[in-house]
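Visitor: A predicted structure for the sequence below; I have some questions about it.
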There are 2 protein chains.
Amino acid sequence: MGRPRAFDVDEALDAVLCVFWRKGYEGASYADLTEAAGVERPALYSAFGNKEALFRRALARYYERYLDFIPQALQLATAREVAAHILHGAVDLNTRYAEHTGCLGINGVLAGTDEAEPVRQALIDARSAGEAQLRDRLERAKAEGDLPASARPEVLAAFLMTVSHGIAVQAKAGFSREKLSAIAEQALATWPVGQDPAR
Amino acid sequence: MGRPRAFDVDEALDAVLCVFWRKGYEGASYADLTEAAGVERPALYSAFGNKEALFRRALARYYERYLDFIPQALQLATAREVAAHILHGAVDLNTRYAEHTGCLGINGVLAGTDEAEPVRQALIDARSAGEAQLRDRLERAKAEGDLPASARPEVLAAFLMTVSHGIAVQAKAGFSREKLSAIAEQALATWPVGQDPAR
DNA sequence: ATCGTTACGTAACGATTGGTATGAAATATG
DNA sequence: CATATTTCATACCAATCGTTACGTAACGAT
C-alpha cells in the first residue's frame, strides 16, 4: 500500500557503488551520490538508511558482483592456479574501468574529495621518484652481473614497491610485525611448487 | 624585526606529521592539528601556509626522517640485499609506532576521520574473511600434497592479499595493466638470484 | 619614546557536511 | 469516491570544514 517507489533501488545502488569506488567513503558526498543516483537525498535515506549503511550495502554488492573471481579461484585444481587466478583477477578488476581504477575496498579509504587530488598526486609522484631510484639501482645490478640477464629491473622495482604498499595497507589493518615479516620473506623467496598430485 | 615566534616550528611540524600519519590528509582537521602542535590556528597558517602546503612540508620531513632506509638500501652490495632491506625496512617502519601504524604516504590517503572508523573496520573484516577462505583452501592444498610440507598456508594467503592490495594501490596511482600483470607474474615466480660477482 | 613590523589569541567568515521536518502527490484498499 | 499509507521534492537543520579579519602584544630600529 501507499505510493510506490519511483526509482529502481538496485540501479541507484549501482550508481552509488561507482561513486564510492571512485571517491571513497568520506570523499563521496551526498551531493555526489544523489546526482549519480538521480534520486533526491531523503529517498536514499529511506531506502538504505544513513551513509554508513549505504556504503555497506554497496560493499556487499561489490563483493558479489565484482569480487566473484575469488570464490571462482578457490575452486581451481592447484594452489598455484588459485594464486595466479587471484592475482590476475585483481589486476583485471583494478584496471577494467578507466573512470574508477583500483579496488573499491581499498579506494573506500584511499580515495577522497576532489580537492585533495593535488595531494594524492604529490604522494604518487614521491613514490614514483623512489621507484625510479630503485630501478636505477637494479639496472646497475644487472649490468654488474648481480642480476641475471633475463631479469627486468623495472618489473622488480615495481614489484618491491607494490609489496611495500601492500604491507603498508596490512599494517594499517593491524597485522603484526611477525606476520608482515613473513610476508616480506615470502616476497623474497620462491613460490613453493610441489609435485602435482594429478600426474 | 617584529615580534619573535613563541613556538618552535620544527616541533610543531613533527606534531603535525604524527597527526597526518595517523589520520591522513583529509582526516586531519585543524582542530586536531592545532591541538597536537599546541599552537593556534593562524600561527600554523603564517608559518606553513594552507593545509596542503603544511602536508607537503610534513611529507618532505617524513621522507628524510623516516624513509631514510631506502637510500641506505640502495647502497648495499647486492640487489637481493637491497630488496630485503627495503621490504624489512618497510615492515619495521609500518609497525614501529602503535599509535600510527602503516606508512604516512599510504595513510595520507588511506586513513580518515574518526567517524569513519567503523567503515574502515568493516573493510578490514571483509578482507580478513576473504583471506581466511584463501587460507583454508591452501591448507587443503597442503593436505593433498599440492603444496610441499614446508609450505605455510597462512603466510601464503597473507602474501597474496598483500600483493593484491599493493596492486590496488598502484592501480589507483595509474599503473598500466601490463605493468601490474608483470608484477603479478613476479609475485608468482622466483626472485632471480644471479651469481654474486664478488665471490 | 615612538614607529614599523611581526606574531599572538579571539572570534568570526562563507561554504559544505550528513541528516530531517514537512507538506504535497500518488497509490491501494475500503 | 474517500481514506490510510507511503514516497516525493523543497527547504532547512546544527555542526564542522578550511581560512582569515582584527585588535593587542612584543620585539628591533630610530
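Guide: Noted; the coordinates are in hand. Numbering: from 1, shown residues only, chains lettered A, B, ... in the order given.
Visitor: The worst-scoring helix or strand of chain A on mean pLDDT near DNA strand C at all?
Guide: Least confident helix or strand of chain A, by mean pLDDT, DSSP states H and E, is helix A:104-110 with a mean of 87. No: using C-beta under 7 Å from any atom of the strand, helix A:104-110 stays clear of DNA strand C, with a minimum separation of 13.0 Å. Every residue, glycine included, has its C-beta placed from N, CA and C.
Visitor: Buried residues, whichever helix or strand comes after that helix. List them.
Guide: Downstream of helix A:104-110, the first helix or strand assigned by DSSP states H and E is helix A:117-143. By 16 or more other C-beta atoms under 10 Å in any protein chain shown, the buried positions in helix A:117-143 come out as A:119-120, A:122-124, A:126-127, A:130-131, A:134-135, A:137-139, A:141-142.
Visitor: Which other helices and strands does the next helix or strand after helix A:117-143 contact?
Guide: The helix or strand immediately downstream of helix A:117-143 is helix A:153-172, counting by DSSP H and E. For helix A:153-172, the packing partners by 3 or more C-beta pairs under 8 Å, 6 or more residues apart in numbering or on different chains; DSSP states H and E come out as helix A:117-143, helix A:177-188, helix B:79-96, helix B:104-110, helix B:153-172, helix B:177-188.
Visitor: now do 10 Å
Guide: helix A:104-110, helix A:117-143, helix A:177-188, helix B:79-96, helix B:104-110, helix B:117-143, helix B:153-172, helix B:177-188 (3 or more C-beta pairs under 10 Å, 6 or more residues apart in numbering or on different chains; DSSP states H and E).
Visitor: any chance of those helices in CSV, plus distance to DNA strand D?
Guide: Output for the helices and strands packed on helix A:153-172, formatted as CSV (distance: least, C-beta to the nearest atom of the strand, whole Å):
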stretch, distance to DNA strand D
helix A:104-110, 17
helix A:117-143, 11
helix A:177-188, 30
helix B:79-96, 25
helix B:104-110, 13
helix B:117-143, 14
helix B:153-172, 22
helix B:177-188, 33
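Visitor: Break chain A down into its domains, please.
Guide: Using automatic domain parsing, the domains assigned to chain A come out as A:9-62, A:67-188.
Visitor: what about the least confident helix or strand of chain A, near chain B?
Guide: Yes: using C-beta under 10 Å from any C-beta of the partner chain, a contact is recorded between helix A:104-110 and chain B, made by A:104, A:105, A:106, A:107, A:108, A:109, A:110.
Visitor: got the CA coordinates for that helix in PDB?
Guide: These are the backbone C-alpha positions of helix A:104-110, laid out as PDB (Å, rounded to 0.1, in the frame of the first residue of the first chain):
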ATOM      1  CA  LEU A 104      36.500  -0.300  -4.000                       C
ATOM      2  CA  GLY A 105      37.700  -1.900  -0.800                       C
ATOM      3  CA  ILE A 106      41.000   0.000  -0.900                       C
ATOM      4  CA  ASN A 107      39.700   3.100  -2.500                       C
ATOM      5  CA  GLY A 108      36.900   3.200   0.100                       C
ATOM      6  CA  VAL A 109      39.500   4.500   2.400                       C
ATOM      7  CA  LEU A 110      42.200   5.500   0.000                       C
END
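Visitor: Reformat the helices and strands packed on helix A:153-172 into a markdown table and put distance to residue A:11 next to each item.
Guide: Listed next are these as a markdown table, based on distance: least, C-beta to C-beta, whole Å:
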| stretch | distance to residue A:11 |
| --- | --- |
| helix A:104-110 | 18 |
| helix A:117-143 | 28 |
| helix A:177-188 | 40 |
| helix B:79-96 | 40 |
| helix B:104-110 | 30 |
| helix B:117-143 | 23 |
| helix B:153-172 | 26 |
| helix B:177-188 | 29 |
